[in-house]
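K.L.:
Kindly generate the corresponding structure for this input.
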Amino acid sequence: MQLKSFAHAFVLIAAGYQAVDAAPAAAGLKIGHHTTIIHGKMTTLGHHHKTKTGPTKTHAPVGPAPTSAPPPPANPSVPASCHLTKYSKSAVAAAVSSCSNIILDGLQVTGGETLDLSKLKAGANVLFRGTTTFEHANWQGPLVVVSGSDITVDGTGATLDGQGALYWDGKGSNGGVTKPKFFALHYATRAKVTNVRLLNSPVQAFSINGCTDCQIINPTHDNAAGDNAGGHNTDSMDIGASSNVIVSGAKFHSQDDCVAVNSGVGITFTGGSCIGGHGLSIGSVGKADSTAKNTVKNVVFADSTVANSQNGLRIKTIAGGTGSVSGITYRNIKLNNISNFGITIQQDYRNGGPTGKPTTGVPISGVLLENVSGDVTSGAAQVNVLCGSSTSCSGFAFKNVALTGGAPKENCSKFVSVCAAL
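P.N.:
Here you go, the predicted model:
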């Protein structure tokens with residue numbers, strides 16, 4: 001009998017099958033024909049910028065932890081050394097080095113320490129159960145790091161609680177107390193992360209960096225409590241230096257970017273829900289120390305919603321930076337109650353906001369917006385385009401873009417080639 005997943009192995013055990021310590025390989029998913037060679041040490045992602053604070057709103061919560069599959073039986077046939085109910089750095093290290101199947105069951109992680117899953121065995125399976133709590137400490141994090149090849153991480157029914165309220169001061173990563181970033185999936189190949197729920201991140205939540213052929217399925221980032229409590233720079237997901245990554249079924253509520261693709265090739269975000277924050281973003285691009293690190297190519301945002309956000313869809317490049325942005329698609333996107341710009345394309349970004357002086361070092365080309373609809377508030381603009389020249393933004397197509405409310409266009413008349421279809 002073929003075991004379909006780590007949780008499936010538990011179900012078979014409960015039914016009387018002798019399937020012990022099953023470790024099926026995660027199925028990788030390859031899209032496109034792009035190859036990225038990634039070197040370097042693990043670094044956390046996240047851009048640090050101050051942003052305009054919008055009006056106070058009451059939002060519906062992101063929702064409870066996913067319950068699409070039942071939790072495993074109480075006593076799965078996993079060695080005690082691989083089923084951790086109390087945290088210690090040494091116990092986690094021992095499990096990571098020796099176990100193919102690991103259960104992390106209601107751990108309370110010591111403040112200032114990373115739950116380090118960075119050296120998982122090839123094909124390892126990690127299952128979170130209950131609530132994993134991270135004790136308070138003023139440090140940079142990350143609270144969790146995961147890496148390996150052909151690995152699976154399953155958080156069905158579980159919650160990882162970053163206790164963000166103990167850190168929030170309205171300054172995020174730009175000042176105040178030092179705050180840890182949350183969950184880093186770094187330098188992973190053919191990894192599959194399913195139903196991981198992050199609650200109350202101090203700053204940035206999911207960081208996807210240096211990953212190839214990875215899937216992140218049904219991730220949740222619930223930072224609704226930070227809306228009126230000083231949450232800032234709490235990006236739900238930052239993606240960099242990665243290739244062939246699919247994010248599907250996300251439920252994100254943040255005070256910064258819902259998703260920001262800072263570099264990489266072949267990135268897809270589909271079936272997502274974004275509440276609060278700054279929308280579905282490319283960039284900011286151009287802040288790294290080389291043009292190669294500042295390349296974003298072939299990115300698709302599809303079948304998603306953005307509500308109660310400052311921006312809906314945003315492409316932003318750094319003033320004075322170098323790099324390139326190409327092959328960007330926004331398709332079947334619904335916007336609601338956008339308070340700044342429904343669609344914004346800007347080549348003048350710096351930490352803290354736009355400069356109003358765009359540059360041409362990061363050209364933007366091949367951008368398609370198709371079936372984008374929704375509304376912006378009375379003080380907002382439906383579309384804002386601020387490019388360094390008519391050639392640094394090229395190959396734009398707008399098909400069935402229908403926004404209401406606010407001002408129709410801002411700066412758009414200067415760039416007829418970009419905005420002619422609107």
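K.L.:
on contacts alone, who are the packing partners of the longest strand seen in the chain?
P.N.:
For the chain, the longest strand by residue count, based on DSSP state E, is strand 324-338. Here strand 324-338 touches strand 280-285, strand 295-307, strand 311-318, strand 364-376, going by 3 or more Cβ pairs under 8 Å, 6 or more residues apart in numbering; DSSP states H and E. No exception for glycine: its C-beta is placed from N, CA and C like everyone else's.
K.L.:
Could you list everything Leu386 pairs with in the sheet?
P.N.:
Here Leu386 sits in beta bridges with Gln346, as judged by DSSP bridges.
K.L.:
Just list the residues touching it, thanks.
P.N.:
Taking Cβ atoms under 8 Å, 6 or more residues apart in numbering, we find Leu386 in contact with 345-348, 354, 356, 358, 411.
K.L.:
so which of those comes closest to Ala225?
P.N.:
Pro354 (29.1 Å; Cβ to Cβ).
K.L.:
does the closest one really touch Phe341, like I thought?
P.N.:
No. Contact criterion Cβ atoms under 8 Å: Pro354 and Phe341 do not qualify, at 10.4 Å.
K.L.:
Which one's more surrounded, these two?
P.N.:
For Pro354 versus Phe341, the count of surrounding residues by other Cβ atoms under 10 Å is larger for Phe341: 26 against 16.
K.L.:
The more buried one pairs with what?
P.N.:
Under DSSP bridges, the beta-bridge partners of Phe341 are Asn311, Ala381.
K.L.:
rewinding a little: parallel or antiparallel, which strands does the longest strand of the chain pair with?
P.N.:
Note on strand 324-338: by DSSP bridges, its sheet partners are strand 295-307 (parallel), strand 364-376 (parallel).
K.L.:
now the angle from the last one to strand 280-285?
P.N.:
Looking back up the chat, that one is strand 364-376. With axes from the mean of the first three to the mean of the last three Cα atoms, to 10 degrees applied, the angle from strand 364-376 to strand 280-285 works out at 140 degrees.
K.L.:
orientation of strand 364-376 relative to strand 311-318 in degrees?
P.N.:
For strand 364-376 against strand 311-318, the angle between stretch directions is 150 degrees (the same axes, to 10 degrees).
K.L.:
rewinding a little: neighbour-wise, give me the winner out of the contacts of Leu386.
P.N.:
Greatest neighbour count in those, by other Cβ under 10 Å, goes to Gln347: 31 neighbours.
K.L.:
In terms of pLDDT, where does the closest residue to it other than its chain neighbours sit?
P.N.:
Computed as Cβ to Cβ, 6 or more residues apart in numbering, the closest residue to Gln347 that is not its neighbour in sequence is Pro358, at 3.8 Å. You'll see Pro358 listed with a pLDDT of 92.
K.L.:
And Ser68, by the same measure?
P.N.:
Ser68 is assigned 52 on the pLDDT scale.
K.L.:
Over to Pro408?
P.N.:
Among the per-residue scores, Pro408 holds a pLDDT of 86.
K.L.:
There's contact between it and Val383 in this structure, I believe.
P.N.:
Yes. The pair Pro408 and Val383 qualifies as a contact (Cβ under 8 Å) at a distance of 7.1 Å.
K.L.:
Which one's more surrounded, those two?
P.N.:
Counting neighbours by other Cβ under 10 Å for Pro408 and for Val383 shows that Val383 has the greater number, 26 against 14.
K.L.:
That one and Cys412, how far apart?
P.N.:
Computed with Cβ to Cβ, to the nearest Å, the distance linking Val383 and Cys412 is 6 Å.
K.L.:
contacting residues around Pro358?
P.N.:
319, 346-348, 386-388, 392.
K.L.:
Distance from the chain centre to stretch 323-330, please.
P.N.:
For stretch 323-330, the distance between its averaged C-alpha position and the chain's averaged C-alpha position is 18 Å (Cα atoms, centre = their mean, to the nearest Å).
K.L.:
For it, which outside residues touch it?
P.N.:
By Cβ under 8 Å, 6+ apart, the list of residues contacting stretch 323-330 reads 263, 280, 282-283, 285-286, 288, 291, 293-302, 313, 315, 317, 361-370, 372.
K.L.:
Identify the residues contacting the residue nearest the centre of the chain.
P.N.:
Centroid-nearest residue in the chain, with Cα atoms, centre = their mean: Met237, separated by 1.7 Å. Applying Cβ under 8 Å, 6+ apart, we find Met237 in contact with 205-208, 216, 219, 221, 247, 250, 252, 257-260.
K.L.:
and which of these is nearest to Leu199?
P.N.:
Using Cβ to Cβ, His221 comes nearest to Leu199 of those, at 8.3 Å.
K.L.:
Does the closest one touch Asp256 like I think?
P.N.:
No. Between His221 and Asp256 no contact is recorded; they are 10.6 Å apart, counting by Cβ under 8 Å.
K.L.:
Would you agree Gly155 is in contact with Arg197?
P.N.:
Yes. The pair Gly155 / Arg197 is scored as a contact, 5.8 Å apart, by Cβ under 8 Å.
K.L.:
what about Ser90, neighbour count?
P.N.:
Here the neighbour count serves as a burial measure; for Ser90 (other Cβ under 10 Å) it reads 7.
K.L.:
And the helix or strand hosting it, what's buried?
P.N.:
Element membership for Ser90 (DSSP states H and E) is helix 89-98. Under the neighbour-count criterion of 16 or more other Cβ atoms under 10 Å, helix 89-98 has 92, 95-96 buried.
K.L.:
Could you check how far the closest residue to Gly283 other than its chain neighbours is from His232?
P.N.:
Spatial nearest neighbour of Gly283, chain neighbours left out: Lys316 (4.4 Å); criterion: Cβ to Cβ, 6+ apart. Taking Cβ to Cβ as the measure, Lys316 falls 18 Å from His232.
K.L.:
now do Pro408
P.N.:
Look at Pro408 and His232: by Cβ to Cβ, they are 31 Å apart.
K.L.:
cool, and Ala288?
P.N.:
23 Å.
K.L.:
likewise Thr344?
P.N.:
Applying Cβ to Cβ to Thr344 and His232 gives a distance of 20 Å.
K.L.:
in this protein, which ranges drop under the pLDDT threshold?
P.N.:
Low-confidence segments of the chain, defined by pLDDT under 70, span residues 1-77, 352, 413-422.
K.L.:
residues near Glu410, how many?
P.N.:
Glu410 has 16 nearby residues by other Cβ under 10 Å.
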